[in-house]
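[1] Here is my input, please return the structure:
(chains A and B)
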2 protein chains.
Amino acid sequence: MSVFTTVTPDEASAWLSQYAIGKLVELNGISSGIENTNYFLTTTHGRYVLTLFEKLTHAELPYFLNLMDHLARHGVPCPQPVANIADSLLASLNGKPASIVSCLSGQSLETPGIAHCAQVGETLADIHLAGKTFPIQRSNPRGAAWWKATAQQVAPFLDAEAARLLNDELRFQALHRLQDLPRGVVHADLFRDNVLFDGERLGGVIDFYFACHDVWLYDVAIAVNDWCVSGDGALDEAHMLALLGAYHAVRPFTPIERGAWPVMLRAAALRFWVSRLHDLHFPRPGELTHAKDPGQFERILRQRVAAQSQLQRVWV
Amino acid sequence: MSVFTTVTPDEASAWLSQYAIGKLVELNGISSGIENTNYFLTTTHGRYVLTLFEKLTHAELPYFLNLMDHLARHGVPCPQPVANIADSLLASLNGKPASIVSCLSGQSLETPGIAHCAQVGETLADIHLAGKTFPIQRSNPRGAAWWKATAQQVAPFLDAEAARLLNDELRFQALHRLQDLPRGVVHADLFRDNVLFDGERLGGVIDFYFACHDVWLYDVAIAVNDWCVSGDGALDEAHMLALLGAYHAVRPFTPIERGAWPVMLRAAALRFWVSRLHDLHFPRPGELTHAKDPGQFERILRQRVAAQSQLQRVWV
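    The predicted model follows:
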């Protein structure tokens, strides 16, 4: 369950007087999500999501809320934060930072098809283009320095073969840091559970709390490693070509990006392998156990290393 | 018909590359509206309205587009302009200022009920509150100075009785200018044809092109004079109390506003009587004839003058 901080209908009603979205009709706790308290909030104007942030602070949140506001203003289907009468996207409720965002329709998909992958590619390119004029930059807290430090922490838990793979990959990535790839706002976590489909149509991208300023192609690689894989971690070429082709039609890849593609797929696999290892071996105190299988990304990384020369050819 | 400037699907497709809202699916001219060219624009992301402004200029439009953006950001149901990749709400297409806004659902009502009037009152109060932090001020181009000048132009067309009513009302209003009433952003044209209902639910407020900075109560009076009247111009008390009560629940009226109410209803009637007389007797060259009956507002004004003392009592 994900209601860590209770909000009563009376509290919500009183708090809503700071907003111009009508009177409270209904308030229902949302049982998914492990980081924040979320309620479906229905008012006389419509349906929203009320979030009380349990970990992110008043100092960290403006980046994410302003980014969603910026992207929504450009037509990107994402939760749109609602400004209160004082013109702030962020307020406080029951001692927690809190915000109201628009409610998107749809569900996430377990087994996306080719048409879904194409929509994900198109929308990711839209996010990258719309983000070009976003004025705030946040560096990636899960970047190369974090991989290295975290790999040291988790290495003792690995068998010799996995430890060698991890070590080799860190060295490989350090030799291939491509500083001149196009960069900008990236979602950085565009997995299947962060995209809602309303029937066959992409209804929205959610969970921007890893968003930051980084290499665009890295964002594409993160998505491909989740949307375009078979069970053993191998790439599904048809899915990948659909995602890349739709992206390319909106924001054409540059020659240097084409060259960097296999390296980026490996970097994206490494990042999630390391973070899953860390979540598994260093659970936060009091954390609900939702640690995901690191093995999936170990397999993906092995597969990308093996397929590198082939990947260089498979391109739009 | 309202397509004054033709846009071909090829032109729209090419132009859409400046936006992050997907590829063109369909483009259909909209046959209502007399000032601008409007198209329904469907893209792979959703449904929008494309407007080419035929009279408003690049200098005038930012006020209106930024206002709609501001209000939408506060949750007010209104067309939300879409920013292009250069982060502008306003662009050019086929030589005209052009913008894309979200498409609202619903139809306008001929004969609203009490529940509709309540929603209009609530939403108008929301507009006033959300507008408090809007940073641009536009003075009312249809204010008292305009009434006086325009009344002089139209007076020769009136019979003696109507001319006396007009003259008396101008004098009355000049004696009752209430400078200390609360002011802010006003819609200034919240007639039934500018509100869409999606079933029983208010789906959106449209047409902000008379919006400006003026007395909030004047905006309420404009709405009441259209939403809460019977055929002869008399007020429907139940409708009016519903609208005022719902407004008051969001933004309570002050004592001075209560006192000013009968004067405001007369001012709002005068403004539209004068403008309709002007539209009738001085049609713009080449204008499609859509002049509305000035008689409706002459009747409303007479009725408000007659009912003044009663109106002072009828209050929330």
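[2] ok so residue A:309 is a helix residue?
    Yes. Residue A:309 sits within a helix when classified using DSSP: H, G, I helix; E, B strand; the rest coil.
[3] give the contact list for it.
    residue A:262 (C-beta atoms under 8 Å, 6 or more residues apart in numbering or on different chains). (Each C-beta comes from the backbone N, C-alpha and C, glycine too.)
[4] ok, now residue A:230?
    Residue A:230 sits next to residue A:236 when contact means C-beta under 8 Å, 6+ apart.
[5] any weak-confidence spans in chain A?
    For chain A, residues meeting the criterion pLDDT under 70 lie at A:1-2, A:33, A:285-290, A:312-316.
[6] next structured bit after the longest helix seen in it?
    Counting residues, the longest helix in chain A under DSSP state H turns out to be helix A:255-281. Next helix or strand after helix A:255-281 toward the C-terminus (DSSP states H and E): helix A:295-306.
[7] List the buried residues in that next one.
    A:296-305 (16 or more other C-beta atoms under 10 Å in any protein chain shown).
[8] can you list the residues of chain A near chain B?
    Contact residues, chain A versus chain B (C-beta under 8 Å from any C-beta of the partner chain): A:19-23, A:44-46, A:48, A:69, A:73-77, A:80, A:82-87, A:100, A:119, A:122-123, A:125-127, A:129-130, A:132-133, A:202, A:249-250.
[9] Could you tell me which of those are located in helices?
    Here DSSP H is the test, and the residues of chain A next to chain B give A:69, A:73, A:119, A:122-123, A:125-127, A:129-130, A:249-250 as lying in helices.
[10] Please identify which pair of these lies farthest apart.
    A:69 and A:249 (26.5 Å; C-beta to C-beta).
[11] returning to that earlier point: okay, the angle between the longest helix of chain A and helix A:295-306?
    Taking axes from the mean of the first three to the mean of the last three C-alpha atoms, to 10 degrees, one finds that helix A:255-281 is oriented at 150 degrees with respect to helix A:295-306.
[12] Against which helices or strands is helix A:255-281 packed?
    helix A:144-154, helix A:160-175, helix A:216-227, helix A:295-306, helix A:308-313 (3 or more C-beta pairs under 8 Å, 6 or more residues apart in numbering or on different chains; DSSP states H and E).
[13] Give me the buried positions along the third one.
    In other words, helix A:216-227. Quick answer for helix A:216-227 (16+ other C-beta under 10 Å): A:216-227.
[14] That helix relative to helix A:295-306, how many degrees between them?
    Calculated by the same axes, to 10 degrees, helix A:216-227 forms an angle of 120 degrees with helix A:295-306.
[15] which residues are contacting the host helix or strand of residue A:11?
    In the assignment (DSSP H and E), residue A:11 maps to helix A:9-16. Outside helix A:9-16, the residues that touch it by C-beta under 8 Å, 6+ apart are A:22-24, A:27, A:39, A:41, A:43, A:50, A:91, A:93-94, A:98.
[16] check contacts around residue A:49.
    Residue A:49 makes contacts with A:30, A:38-41, A:79, A:100-103, as judged by C-beta under 8 Å, 6+ apart.
[17] For residue A:266, which non-adjacent residue is closest in space?
    The shortest distance from residue A:266 to any non-neighbouring residue, by C-beta to C-beta, 6 or more residues apart in numbering or on different chains, is to residue A:304 (4.8 Å).
[18] Look up how far residue A:233 lies from the one you found.
    8 Å (C-beta to C-beta, to the nearest Å).
[19] so what are the domain limits for chain A?
    Under the assignment automatic domain parsing, the domains of chain A span A:9-102, A:114-313.
[20] Show me the residue at the heart of chain A, geometrically.
    residue A:189 (2.4 Å; C-alpha atoms, centre = their mean).
[21] isn't it right up against residue A:222?
    Yes. Applying C-beta atoms under 8 Å, one finds residue A:189 in contact with residue A:222, separated by 7.0 Å.
[22] ok, residue A:187 touching residue A:210?
    Yes. Between residue A:187 and residue A:210 there is a contact at 7.2 Å, judged by C-beta under 8 Å.
[23] Between those two, point out the one with more neighbours.
    Set residue A:187 next to residue A:210 and count neighbours by other C-beta atoms under 10 Å in any protein chain shown: residue A:187 wins out with 28 against 18.
[24] Next up, phi/psi of the more buried one, please.
    phi -70, psi -40 (degrees, to the nearest 10).
[25] about what we covered before: with distance to residue A:279 as added columns, please give the buried residues of helix A:216-227 in TSV.
    Output for the buried residues of helix A:216-227, formatted as TSV (distance: C-beta to C-beta, whole Å):
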residue	distance to residue A:279
A:216	26
A:217	25
A:218	20
A:219	21
A:220	24
A:221	20
A:222	16
A:223	20
A:224	22
A:225	17
A:226	16
A:227	21
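[26] and the closest residue to residue A:194 other than its chain neighbours, which of the three is it?
    In space, and not counting its chain neighbours, residue A:194 is closest to residue A:207: 4.6 Å by C-beta to C-beta, 6+ apart. Following three-state DSSP, we place residue A:207 in the coil state.
[27] how many other residues sit next to residue A:207?
    With other C-beta under 10 Å as criterion, residue A:207 counts 18.
[28] how far away is it from residue A:136?
    18 Å.
[29] so residue A:291 touches residue A:276, yeah?
    Yes. Using C-beta under 8 Å, residue A:291 makes contact with residue A:276 at a distance of 7.0 Å.
[30] Look at those two and report which has more neighbours.
    A count of neighbours by other C-beta under 10 Å puts residue A:276 above the other of residue A:291 and residue A:276, at 19 against 15.
[31] Identify the residue nearest the more buried one in space, chain neighbours excluded?
    Residue A:276's closest residue in space is residue A:294 (C-beta to C-beta, 6+ apart), at 3.7 Å.
[32] what's around residue A:273, how many residues?
    Around residue A:273 there are 26 residues (other C-beta under 10 Å).
[33] Same check on residue A:172?
    A count of nearby residues for residue A:172, using other C-beta under 10 Å, gives 15.
[34] Who are the contact partners of it?
    A:263, A:266.
[35] what's the spacing between it and residue A:305?
    Distance, residue A:172 to residue A:305, using C-beta to C-beta: 8 Å.
[36] overlap in contacts of the two?
    Joint contacts of residue A:172 and residue A:305 (C-beta under 8 Å, 6+ apart) are residue A:266.
[37] and the helix or strand encompassing residue A:27, C-alpha only, in CSV?
    Using DSSP H and E, residue A:27 sits within strand A:24-29. The C-alpha trace of strand A:24-29 is given here as CSV (Å, rounded to 0.1, in the frame of the first residue of the first chain):
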residue,chain,number,x,y,z
LEU,A,24,-13.9,18.0,-3.4
VAL,A,25,-16.1,15.2,-4.7
GLU,A,26,-14.1,12.1,-3.8
LEU,A,27,-10.7,11.2,-2.4
ASN,A,28,-9.3,7.6,-2.8
GLY,A,29,-5.9,6.3,-1.8
